[in-house]
Structures are given as C-alpha cells and as structure tokens.
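Participant: whatever this is, show me its structure:
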Amino acid sequence: MSSHFFALFSRMKNIDRWALMRNVNKENLSSHSLDVAAVAHCLALIGNERFGKNYNADRAAVLGIYHDMPEIITGDMPTPVKYYNSEIRQSFGKIEEAARSSIIETLPEYLRGAYAPVVSPDESQELYKLVKAADKISALIKCIEEKNSGNKEFLTAEKATVKAIKKLACPEADVFMEEFLGSFSMVLDNILT
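Facilitator: You can find the predicted model right below:
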C-alpha cells in the first residue's frame, strides 16, 4: 500500500494562519506547529523541574507537531468563527474528528495505532493541556511580533489571547510567559548581548 500521510503532512506549509487579519509576516501551519512543539516541550520541562510533575516532554513536542494536522483538510478556521457559538463549535469539532480519521486512514495499517494518539489525542490528558497552552502562547508570540512590526491589527487578538492563557490556569504557561516572553519585544542585538 502506498501511504499519503507524509504528502499530506508536507502540505501544512501551504495552510496560512490568521486569514482574516492583515499580516506583516505570514505564518503557515508548519512553522506554527514547530513553535507549538518547542513551547510544549519547554512547558513539560518547566512542569517537571519547577512543579515536580512527571511529564514526557518529548511526547509533548510530538503532540505539538501534529496538533493542527486536521487543518490540512479543514483549513485554519479563524477563532472568532470557530467559537462563535456552541452549535458551530460542535459542528466544527465533528468535522475536525472526521479529518483526523481520514488522515490516520492514509497510514499503513501497522502504523495507525502509533499515530492515532498523536493525530487524534485524548484532549483530557494533562500533556495535551500543555499543548493547548503552547498553542495559545504561539498565538500570543505572533501577536507580539506583529505589534512590534507596527501592525495594530493584532492588538485585540493579543489581549484576548493573554486572557485565554490566564483562563487555562496553567502554572507552566505562567512561568514561560514570565521568563521567555519579554525577549520577543527585543531586537536581535539586545537578545545576543
């Protein structure tokens, strides 16, 4: 059997995020997923080192890599649309689940059991909550970068994203924001010195 899984995966770079916003720098799903994976990995390490948790940081990174893979099929649904009301959110949730199933079906059968938990994870598990926090932090970083480029289009999104992160009540995310977020407002020369 010929598998189309990685041909689909490579198309993540063709899916632009923030479609309803004017962007100074375009962000695609591939670069976003890398950012989420790196931040999720760090959040897990913060949990382990600062809060005595026993997270699998490598697994958190892998979940981050694949967390938005259904958007290859669905596209990036803007947050205000996706969460407009519960009926739309439930309908879109069903569409995302169907997309996940379709993607998993592209794998050879002997790999489906290994990939299913990362393409279609149990969203109630603690590790996935870190991925959701990393996803929000990645969005916040995008807002900060756009603001630093003079784009006021992202000011409201920045405030809403900070509020969403606080609502998660994730101490690992709070530590990340305190220790790492300030650097995103600096120029390269100041970061390196």
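
Participant: tell me the contacts of the most centrally placed residue in the chain?
Facilitator: Taking C-alpha atoms, centre = their mean, the centroid of the chain lies closest to Asp135, which sits 3.1 Å from it. Asp135 sits next to 36, 64, 67-68 when contact means C-beta atoms under 8 Å, 6 or more residues apart in numbering. C-betas here are computed from N, CA, C, even on glycine.

Participant: one more time with 6 Å
Facilitator: Val36 (C-beta atoms under 6 Å, 6 or more residues apart in numbering).

Participant: and it, what element?
Facilitator: Using DSSP states H and E, Asp135 sits within helix 126-148.

Participant: by contact count, what packs against whichever helix or strand comes after that helix?
Facilitator: Per DSSP H and E, the first helix or strand lying C-terminal to helix 126-148 is helix 155-168. Judged by 3 or more C-beta pairs under 6 Å, 6 or more residues apart in numbering; DSSP states H and E, the packing partners of helix 155-168 are helix 126-148.

Participant: pull the CA atoms of the helix it packs on into PDB?
Facilitator: Output in PDB follows, covering the C-alpha atoms of helix 126-148 (Å, rounded to 0.1, in the frame of the first residue of the first chain):
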ATOM      1  CA  GLU A 126      -2.600  16.600  31.200                       C
ATOM      2  CA  LEU A 127       0.000  16.600  28.500                       C
ATOM      3  CA  TYR A 128      -2.500  17.700  25.900                       C
ATOM      4  CA  LYS A 129      -3.400  20.600  28.100                       C
ATOM      5  CA  LEU A 130       0.200  21.800  27.900                       C
ATOM      6  CA  VAL A 131      -0.100  21.600  24.100                       C
ATOM      7  CA  LYS A 132      -3.200  23.800  24.200                       C
ATOM      8  CA  ALA A 133      -1.300  26.300  26.400                       C
ATOM      9  CA  ALA A 134       1.600  26.100  23.900                       C
ATOM     10  CA  ASP A 135      -0.800  26.700  21.000                       C
ATOM     11  CA  LYS A 136      -2.100  29.900  22.800                       C
ATOM     12  CA  ILE A 137       1.400  31.000  23.600                       C
ATOM     13  CA  SER A 138       2.400  30.600  20.000                       C
ATOM     14  CA  ALA A 139      -0.600  32.800  19.000                       C
ATOM     15  CA  LEU A 140       0.500  35.400  21.600                       C
ATOM     16  CA  ILE A 141       4.000  35.400  20.200                       C
ATOM     17  CA  LYS A 142       2.600  36.000  16.700                       C
ATOM     18  CA  CYS A 143       0.600  39.000  18.100                       C
ATOM     19  CA  ILE A 144       3.600  40.400  19.800                       C
ATOM     20  CA  GLU A 145       5.700  40.100  16.600                       C
ATOM     21  CA  GLU A 146       3.000  41.800  14.500                       C
ATOM     22  CA  LYS A 147       2.700  44.600  17.000                       C
ATOM     23  CA  ASN A 148       6.500  45.100  17.000                       C
END
